[in-house]
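1. The following block contains a protein sequence and its predicted model.
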Amino acid sequence: MGFSIGSAGVRTGGPRGNLESYADKVDGKSFNLKVFKYLLVFVKPYTLRMVGAFIAMLVTTGLTLLSPFLVKVAIDGPIIEGDIEGLNEIALVMLLAFVVLYLSSMTQRYLLSWVGQKVLSDLRSKLFSHLQKLPLSYHDTHIIGVTISRVISDVGVINQLLSQGLITLIGDSILLTGIILVMLSLNAQLAVVTFAIIPVIVIATMIFAKYAKTAFRNTRAKNAHLIGDLAENLTGIRVIQAFANEGSTSERFDEVNAANRDANIEAISLSFIFLPTVEFLSMVATGIVLLFGGISVANGTISLGTVIAFLAYVNRFFLPVQELSQLYATMQTAMAGGERVINLLNTEPAVNDKPDAIDMPTITGHIKFKNVSFGYKDHVKVLHNINVDIAPGQMVALVGPTGAGKTSIANLIARFYDVTDGTVYIDDIDVRDVKQISMRQQMGLVSQDPFIFSGTIADNIRFGRPSASIDEVVRAAELANVHSFVDKLPDSYNAEILEDGANLSVGQRQLISIARAILADPRILVMDEATSSVDMVTESLIQDALKKLLANRTSIVIAHRLSTIVNADQICVVQAGKIIEQGTHTELISQRGLYHELHDRQFVELVD
Ligand code: M5T
Ligand code: MG
């Protein structure tokens, strides 16, 4: 069930969303323990596999450390002594070590990727279900593309950090420490000379890290901007084509695209400068070992095997250095991404259930607005002191000029927003005292721009009540006067509808959304201008369907065509956020106020 049918479709941030919305609103620490702890919770269910990966990593690291040492042992022992048997033994140990290394490295990669993908999908599921709970006021004010980039890109880097980064960090640190220790123990003097290069590496890394921070941060913002712009333009494609604005829209997109490219080039260039620098330093270190090691071998103070082992260790030393510095960049982005994702997860629904909220009992349909004032933003009120009393089963019409506040009144009934002052009662219960789901399950909405999901026609009608049988779906479609249309389709109720109902006419979409509401069979029905913008025949089909839909329930009908509502039990004329006239059609006509004026005007239009 659920409050059938979202309205108005997609919001993308209004005319050309401002750039600020894309910028990072985060601390930007390179390591944020709070964020890290929060995110670790997502790895926790997979602790066992992570421990497995950790053990595999330890084995891999250990064996990586061991192999140069074996080379040294082979050279200084059996090779120099010509001891073939001894050499065979060492070769065998080496082979064994390599096989185990191969297996452990494979296991480590497999486990990490497995956990990574799990964490990724868990995080996305959690984000999505949270996004669904966020109030319309959140979605009204957030650019869709940016929200998408949270769920796709930010979560992606977080996953990278949690699954790969964590192990890399620990593994590489152990490896580096191990290499230093082994080298020191093999020959302290040569080790100290070789490591004279370390301060240079540290300084290079620090410079890199400093620039990387801004550069990578910039790429994230530009990337979100790109996705945001793409989403907005695709959503608005009809308007773009209608106004032949493809040229300027492309130009704008090209700008955003170029900015994204430049930011990425800048960030990548940093690595292109840094990584060769590390390689260069590694060659310098190799040279040092060759030179000083060579002299020492000639002097007889160091064995040949030790120098060769040193060369191998130096070689292995710089890979983790490169990895760690890259990890630093990943950490930057992941921490910022993590912070944004957590901010999103911590965004409380503005319209929250009270802790002691009760389940809404079966609604009879009595709606009462008592001294209700409301504004979307605190300081701008759009409704002023609204008082309406709607008896169960009544049909109440809201009419009035554009922007008067009709949709806003409807929004308050289902508690899409909370009132600023006063109270909305349903069956004499304050709507803030009940669980929203329990209330919305008994309500329905047919909006002016009904949203149709991709899927079959049957699925879309069933959105009103997922458990309905196909017979019930057909029955609802018959009542909604849409059966004859569906029946003629090659696949009938299984006909596929494109996203947003793109392959249906507006009238067909409205009829389907009415069928959806009929199937949901809500006690209270809100209908927002469902009869505008269709031809006379379709309108009479819709009118007829509505009559059936409205029977036996409380309904609030927002209408621009007054012919729809002459029979309403009560008509409220809304103007500038106030109800200025209230009564039946006959009463209001005789009052000769705004309603009378609107009525006359429409009548004249019809006669013309
Ligand atoms: C009343 C403002 C709108 C207008 C006033 C829906 C909505 C409205 N508004 C917002 O600021 N945010 C919103 O999400 O509220 O608007 P309404 O209630 O939509 O008016 P209406 O339904 O009577 O108009 P219409 O054109 O549908 O007949 O100032 O800016
Ligand atoms: Mg409206």
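-> Here it is on my side, so go on. Ligands and ions are numbered 1, 2, ... in the order given.

2. tell me which element the closest residue in space to residue 320 that isn't next to it in sequence falls in.
-> Of all residues not flanking residue 320 in the chain, residue 172 sits nearest, at 3.6 Å (Cβ to Cβ, 6 or more residues apart in numbering). (C-beta placed from N, C-alpha, C; glycine too.) Applying DSSP states H and E as the criterion places residue 172 in helix 166-186.

3. which residues touch the helix or strand that comes right after that helix?
-> Where DSSP H and E defines the elements, the next helix or strand beyond helix 166-186 is helix 188-194. The contact list for helix 188-194 (Cβ atoms under 8 Å, 6 or more residues apart in numbering) reads 180, 183-184, 285, 288-289, 292-293, 296, 302, 306-307, 310, 314.

4. of those, closest to ligand 1?
-> residue 180 (62.2 Å; Cβ to the nearest ligand atom).

5. now the helices: where do they sit in the stretch 101-250 of the chain?
-> 136-141, 144-149, 155-159, 166-186, 188-194, 198-235, 237-242, 246-288 (DSSP state H, counting those that start in this stretch).

6. need the next SSE after the longest one, C-terminal direction.
-> Put plainly, it is helix 246-288. helix 294-299.

7. The helix or strand just after that following helix to helix 166-186, inter-axis angle?
-> Using DSSP H and E, the helix or strand that directly follows helix 294-299 along the chain is helix 304-346. Counting by axes from the mean of the first three to the mean of the last three Cα atoms, to 10 degrees, helix 304-346 lies at 160 degrees to helix 166-186.

8. Check which helices and strands whichever helix or strand comes after helix 304-346 is in contact with.
-> Using DSSP H and E, the helix or strand that follows helix 304-346 in sequence is strand 367-374. Where contact means 3 or more Cβ pairs under 8 Å, 6 or more residues apart in numbering; DSSP states H and E, strand 367-374 is packed against strand 383-390, helix 406-413, strand 421-426.

9. Next one: the residue of the stretch 101-250 of the chain found nearest ligand 1, what pLDDT does it get?
-> Nearest residue of the stretch 101-250 of the chain to ligand 1 (Cβ to the nearest ligand atom) works out as residue 140 at 5.4 Å. Per-residue pLDDT puts residue 140 at 71.

10. what do you get for residue 306?
-> Reported pLDDT for residue 306: 91.

11. So what does residue 525 look like in phi/psi?
-> phi -120, psi 130 (degrees, to the nearest 10).

12. first to last residue in stretch 386-394, what's the distance?
-> 18 Å (Cα to Cα, to the nearest Å).

13. So what's the residue count around residue 48?
-> 10 (other Cβ atoms under 10 Å).

14. and it, that one's in a helix?
-> Yes: counting by DSSP: H, G, I helix; E, B strand; the rest coil, residue 48 is part of a helix.

15. distance of the nearest residue to residue 275 once chain neighbours are set aside from residue 56?
-> Beyond its immediate neighbours in the sequence, the residue positioned closest to residue 275 (Cβ to Cβ, 6+ apart) is residue 322, lying 5.9 Å away. Using Cβ to Cβ, to the nearest Å, residue 322 is found at 21 Å from residue 56.

16. Repeat that for residue 184.
-> 27 Å.

17. Which one of these two is surrounded by more residues?
-> residue 56 (22 against 14).

18. pretty sure residue 40 contacts residue 161?
-> No: the pair residue 40 / residue 161 is not scored as a contact, 10.7 Å apart, by Cβ atoms under 8 Å.

19. of those two, who's got more company?
-> residue 161 (25 against 12).

20. Which residues outside stretch 99-118 are in contact with it?
-> Counting by Cβ under 8 Å, 6+ apart, 43, 45-46, 49-50, 52-53, 56-57, 59-60, 63-64, 67, 159-160, 162-164, 167 sit against stretch 99-118.

21. What helices and strands are in contact with the host helix or strand of residue 511?
-> Per DSSP H and E, residue 511 falls inside helix 506-520. Packing partners of helix 506-520 (3+ Cβ pairs under 8 Å, 6+ apart): strand 443-446, helix 457-462, helix 470-479, helix 536-550.

22. so which of these comes closest to residue 276?
-> Nearest to residue 276, of all those, is helix 457-462, at 56.0 Å by Cβ to Cβ.

23. and the residue of the stretch 101-250 of the chain closest to ligand 1, how many neighbours?
-> 13.

24. How about residue 121?
-> 12.

25. Against residue 155, how distant is it?
-> Counting by Cβ to Cβ - residue 121 and residue 155 are separated by 9 Å.

26. And residue 378, by the same measure?
-> Residue 378 is 33 Å from residue 155, by Cβ to Cβ.

27. Just the CA coordinates for the helix or strand bottoming out on mean pLDDT in the chain, please, in PDB.
-> Least confident helix or strand of the chain, by mean pLDDT, DSSP states H and E, is helix 136-141 with a mean of 72. Taking C-alpha atoms only, helix 136-141 is exported to PDB below (Å, rounded to 0.1, in the frame of the first residue of the first chain):
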ATOM      1  CA  LEU A 136       9.900  16.000   0.700                       C
ATOM      2  CA  SER A 137      11.500  19.200   2.100                       C
ATOM      3  CA  TYR A 138      14.900  17.400   1.900                       C
ATOM      4  CA  HIS A 139      14.300  16.400  -1.700                       C
ATOM      5  CA  ASP A 140      12.900  19.800  -2.600                       C
ATOM      6  CA  THR A 141      16.200  21.400  -1.600                       C
END
